[in-house]
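>>> here is the input, now give the coordinates:
(chains A, B and C)
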Amino acid sequence: MPELPEVETIVRKLKSGEKDFPRIIGEEIKSVDILWERSLAFPSILEAKTTLMGKSVIDVSRRGKFIIIEMDQVYLLIHLRMSGDLLVLPPGKSIDIYHHRFILHFLSGKDLIFNDPRKFGRVWLVTNPDEVTSKLGPDPLNDNFSPELFHEMLLRKKRQLKPLLMDQTFLAGMGNIYTDEALYLAKLHPLRIASSLSMNESHALHHAIQTVLNEGIDRNGASIDWVYRGGDFQNHFKVYQRKGAPCQHCGIIIEKTIVGQRGTYYCPECQKI
DNA sequence: CCTGAAACCTGTCTGC
DNA sequence: TGCAGACAGGTTTCAG
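Have a look, this model is predicted:
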């Protein structure tokens, strides 16, 4: 389920809490369960459990699609990949452990659960988040991500726009849905070569990226199929999963193709190459 | 540097 | 009803 808006939504819930999802700031760890060993990317299970015991949560933040849980002298990083999700159970509440991979039990009785049916998600325990996130490109919602910077970044790349925008070392946070939506908003074909964009086209794409991400966050992310629930953005897609439906701008039928092994939706009239 | 394919996984949906 | 095959919000690795 997770692209930047879905991850941001989860981070905000972890920090502030809401009904049936209590906050975890200040919570002290009593014990750790690791139910699928490969979910822990680093370090060893023994070392992770030993280190985490007795630590308290100081803050929760996001870098690209990584969730960063700060504790004393150590950081827990979580990447949800394709099917991961986080939930926090109030004291006394339990749930079927189907697909649970990693659990932090807090002294208060709350549980932080990493649920991940497809087992692609990963957890890291490191003393410095940079050990995991240093290769990421700029965050598209960060103040330092200016239209001018973006244009310079694009000029240096002779790559197709769609795979480039999804490359986390280029830009951190875009995934398949929001990339298609942003390219549609900017009226750019997914196969356009990045270095061929004019200043106006770069700026339009910059604006489109921030617009779709902010709308996604405002709507608490997108819920699709059986994986993620809670968000509303799926009801506002302009092209994603709208193959065969008319473009809201020109009325031409939305098409689907494959780009970089990913299903790609676009309007052949509004997004000419 | 860039592209495409395969691998890592389970669940759901479609079509025969 | 059953079953094979396609497909799914991501990333890494490898061949060319």
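>>> from residue A:220, how far off is residue A:228?
Between residue A:228 and residue A:220 the computed distance is 10 Å (C-beta to C-beta, to the nearest Å). From N, CA and C alone the C-beta is placed, and that goes for glycine too.
>>> so residue A:11 sits against residue A:67, correct?
Yes: in terms of C-beta atoms under 8 Å, residue A:11 counts as a neighbour of residue A:67; the distance is 5.9 Å.
>>> counting by contacts, list what the longest helix anywhere in chain A packs against.
Looking across chain A with DSSP state H, the single longest helix is helix A:199-218. Counting contacts by 3 or more C-beta pairs under 8 Å, 6 or more residues apart in numbering; DSSP states H and E, helix A:199-218 is packed against helix A:4-16, helix A:147-155, helix A:176-185.
>>> list the buried residues for that helix?
A:201, A:202, A:203, A:204, A:205, A:206, A:208, A:209, A:212, A:213, A:216, A:217 (16 or more other C-beta atoms under 10 Å).
>>> ok, now stretch A:219-233?
Buried residues in stretch A:219-233 (16+ other C-beta under 10 Å): A:219, A:220, A:221, A:222, A:223, A:224, A:227, A:228, A:230, A:231, A:233.
>>> ok, which of the residues you listed also contact DNA strand C?
Among the buried residues of stretch A:219-233, the ones lying close to DNA strand C by the criterion of C-beta under 7 Å from any atom of the strand are A:221, A:222, A:223, A:224, A:227, A:228, A:231.
>>> give me the nearest residue to the fourth one, chain neighbours excluded.
Of all residues beyond its chain neighbours, the one nearest residue A:224 is residue A:234 (5.5 Å), with distances taken as C-beta to C-beta, 6 or more residues apart in numbering.
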